[in-house]
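**Student:** quick check, what structure comes out for this input:
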Amino acid sequence: MIEQRQTLRSRVIYSGVVAFNERRSTIECIVRNFSDDGAKIEFENPALLPEEIDLFIPKKNRTFRAKMVWANADQAGLTFRSVSRNEPIGLDMARRLRRCESERRELQGRIAQLLSEH
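**Tutor:** So this is what the prediction gives:
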């Protein structure tokens, strides 16, 4: 097999969380190797994952937008997307942002309703 990685990956054992479906679905995983460009993760069934995911690594307190490059029975290889362009945000922050956006839409709807009553 021809090596296609741009950078050397370090062997690690980090806990991780894969998020997809607009971060509504999560699966715990183990990060087995890691670099600034990608990672190899391990968990029960990578076949369930879509091509684009978010990988949160609590030890690094970082979330990486990733594309699945390969998968087999219990592992998947990821390449990170645009790490340098967009600062990754944590899953908790993403959940808070989603909640705030929902509240904003509700408030805008309520304002529109109140204005139409007058």
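
**Student:** now do the helices in this protein.
**Tutor:** 91-117 (DSSP state H).

**Student:** low-confidence ranges, it, go.
**Tutor:** Within the chain, the segments meeting pLDDT under 70 span 1-8, 46-47, 82-90.

**Student:** show me where the protein has its strands.
**Tutor:** Secondary structure of the chain (DSSP state E): strands at 10-20, 25-34, 38-42, 52-57, 62-71, 75-80.

**Student:** mind putting those in JSON lines, distance to residue 91 included?
**Tutor:** Quick note: C-beta positions are derived from backbone N, CA and C, even for glycine. Listed next are these as JSON lines, based on distance: least, C-beta to C-beta, whole Å:
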{"stretch": "strand 10-20", "distance to residue 91": "6"}
{"stretch": "strand 25-34", "distance to residue 91": "8"}
{"stretch": "strand 38-42", "distance to residue 91": "15"}
{"stretch": "strand 52-57", "distance to residue 91": "5"}
{"stretch": "strand 62-71", "distance to residue 91": "6"}
{"stretch": "strand 75-80", "distance to residue 91": "16"}
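
**Student:** who wins for proximity to residue 98 among the ones you listed?
**Tutor:** Nearest to residue 98, of all the strands of the chain, is strand 10-20, at 11.6 Å by C-beta to C-beta.

**Student:** out of the strands of the chain, which is closest to residue 97?
**Tutor:** Closest to residue 97 of the strands of the chain, according to C-beta to C-beta: strand 62-71, at 12.2 Å.

**Student:** partner strands of that closest one, with direction?
**Tutor:** Strand 62-71 sits in its sheet next to strand 52-57 (antiparallel), strand 75-80 (antiparallel), going by DSSP bridges.

**Student:** could these go into TSV alongside mean neighbour count and distance to residue 11?
**Tutor:** Formatted as TSV, these follow (neighbours: other C-beta atoms under 10 Å; distance: least, C-beta to C-beta, whole Å):
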stretch	mean neighbour count	distance to residue 11
strand 52-57	20	15
strand 75-80	20	14
